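**Q** model this:
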Amino acid sequence: MQSRFWEYINNHGGAKEFWKHQNYSAIMHEVHLLLMSEVSDKQSWANFKYDSVSLFLALASGAADGKSPKVMQYDPKNVTLHVGEDEFKKLLFQKPPRGTVPFVYDILGTDSLIQPGHGERLVTYLRGMHFFSEEDDQPFEFEWVVVGFIRGEKIDMYPFPKNWPEIIEQIRYELDKMTAKEKAVIELPHELRAFVELLGYDAVSAELQKFRT
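**A** Below is the predicted model:
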C-alpha cells in the first residue's frame, strides 16, 4: 500500500521543494497528521511534532554538502523510535552497529544530516560534534537531534534527551575508568547481535564454536 504521507509530499513539490510551497505553514499540520497515521509508535512520535516531518524530508532530499546517506523516501512504519535515557546511555557505549549506515540529524544544522564513521565510539563522536560551539566554547543549543542507523529499508533512531550533555559526560567518565575487559563485556552483546543480523545465527555460532576446540 502506498504511503499517503509520501503521496501528499510528492503532490506538493516533492521532498526538496516542499518547504518552498506557498502554503507551507497551512499544509504542514495536514502532512503531520498523515505521518502520525503511518508511524508505528504514535505516542513517541507525537512529542516531536513538525520536526518529525522535517526529518523524513531531509532523508529524502539529502544534505547540501553531499555527505548524507543515500536519499530515500522511507516508509514511516519502517522507522523505529527509541526514546528514553536508558536507550540513549546504552547507545553511547557502542560504535555504530556493523552493517548499518549511521547518521546524525540536527534540526538547527545548516546541512542537518551528518554521517559519523564506524570506528569511533559514539560518545566520543557526539561530544566532539555537539558539546561545544567552535566560537565560544558554550554548550550547543538545539531543538531536536537524533542519531539514526539505516539497515536497508529500516531505520532505528535515538533522539537526544534534554539532559544529553550530562549523560555524555557521565558515560565518558565511566569509560575512562573501565578496564579493557569491562568494556568488552558491554560491547560483546552489541557486536554479536550485529553479526547475527548480518550473517545469521548459524554462521556466528560456528565461528564461536571454533574458540572452544
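
**Q** Could you give the number of residues near Asp41?
**A** Asp41: 12 surrounding residues under other C-beta atoms under 10 Å. No exception for glycine: its C-beta is placed from N, CA and C like everyone else's.

**Q** Any figure for the gap between the closest residue to it other than its chain neighbours and Lys95?
**A** Counting by C-beta to C-beta, 6 or more residues apart in numbering, Asp41 lies nearest to Leu81, which is 5.8 Å off, once chain neighbours are set aside. Leu81 is 21 Å from Lys95, where distance means C-beta to C-beta, to the nearest Å.

**Q** Tyr24 now?
**A** As it turns out, when the distance is counted by C-beta to C-beta, Tyr24 lies 39 Å from Lys95.

**Q** And Val53, by the same measure?
**A** Between Val53 and Lys95 the distance, using C-beta to C-beta, works out to 30 Å.

**Q** Also Asn47?
**A** Asn47 sits 28 Å away from Lys95 when distances are taken as C-beta to C-beta.

**Q** Compare these two (neighbour count), which wins?
**A** Neighbours were tallied for Asn47 and for Lys95 using other C-beta under 10 Å; the higher tally belongs to Lys95 (20 against 12).

**Q** list the contacts for the more buried one?
**A** For Lys95, the contacting residues are His118, Gly119, Glu120, Arg121, Leu122, Glu187, by C-beta atoms under 8 Å, 6 or more residues apart in numbering.
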